[in-house]
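> sequence unknown, structure follows:
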């Protein structure tokens, strides 16, 4: 038999009293973990809303853009339309700008397509008996200027922006799309880096 001072009793009302605080502390701990989790999730949602509501990293007063057709100095007439469409998509989807006439636009985009070289060899098999396809590459070069209308300040200006695109023989359009996407990424990063 144990005496009252020898240690915890294994039966009787004291056992329940000693276990009860442990149960309550686990519940409190779980409640605190849930509160922290909910608060963290709410902060993440609010941060995401704040980031995307301001125009993709641009100041709030820049809401509209006018894109002038680029001067095409190459022998590929389809490039002017493709560059225009890519710029239009990027300005709308990644910078959250709406199109507007130049007289009412916050930003004006203009430039030139200065160089387009295709069928540059990228790689081929050294063994003529192998049936591997030849890889080709192309190079696309742009001059671009993005001006803030109200102040006349150049937000982004870059001459001779050049990117390459690789493609399988006969797939020039895919290579051109790759080069254009790479150029658009550079333009977006350049614009956002100003703010």
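Alright, I've got the coordinates. Keep in mind it's a predicted model, so treat the numbers as computed, not measured.
> From what I see, residue 68 and residue 102 are in contact.
Yes: using Cβ atoms under 8 Å, residue 68 makes contact with residue 102 at a distance of 7.3 Å. From N, CA and C alone the C-beta is placed, and that goes for glycine too.
> any common contacting residues for these two?
Jointly contacting residue 68 and residue 102 under the rule Cβ atoms under 8 Å, 6 or more residues apart in numbering are residue 108.
> Confirm residue 176 sits in a helix?
Yes: the assignment for residue 176 by DSSP: H, G, I helix; E, B strand; the rest coil puts it in a helix.
> Local confidence estimate at it?
For residue 176, the pLDDT comes out at 93.
> Can you name the residues that contact it?
Per Cβ under 8 Å, 6+ apart, neighbours of residue 176: 79, 82, 138, 140, 165.
> can you rerun that using 7 Å?
The neighbours of residue 176, taking Cβ atoms under 7 Å, 6 or more residues apart in numbering as the test, are 138, 140, 165.
> repeat for residue 32
Not one residue lies near residue 32 by Cβ under 7 Å, 6+ apart.
> For it, which three-state class applies?
When classified by three-state DSSP, residue 32 comes out as helix.
> next one: the one 5 residues further on
Residue 37 carries the three-state label helix when classified by three-state DSSP.
> per-residue confidence for it?
The score at residue 37 is 70. That number is its pLDDT.
> Now name the helix or strand holding the nearest residue to residue 184 once chain neighbours are set aside.
Excluding the flanking residues, the one nearest residue 184 by Cβ to Cβ, 6 or more residues apart in numbering is residue 90, at 4.6 Å. Secondary structure from DSSP states H and E places residue 90 in helix 78-93.
> What helices and strands are in contact with that helix?
Where contact means 3 or more Cβ pairs under 7 Å, 6 or more residues apart in numbering; DSSP states H and E, helix 78-93 is packed against strand 64-67, strand 107-123, helix 172-192.
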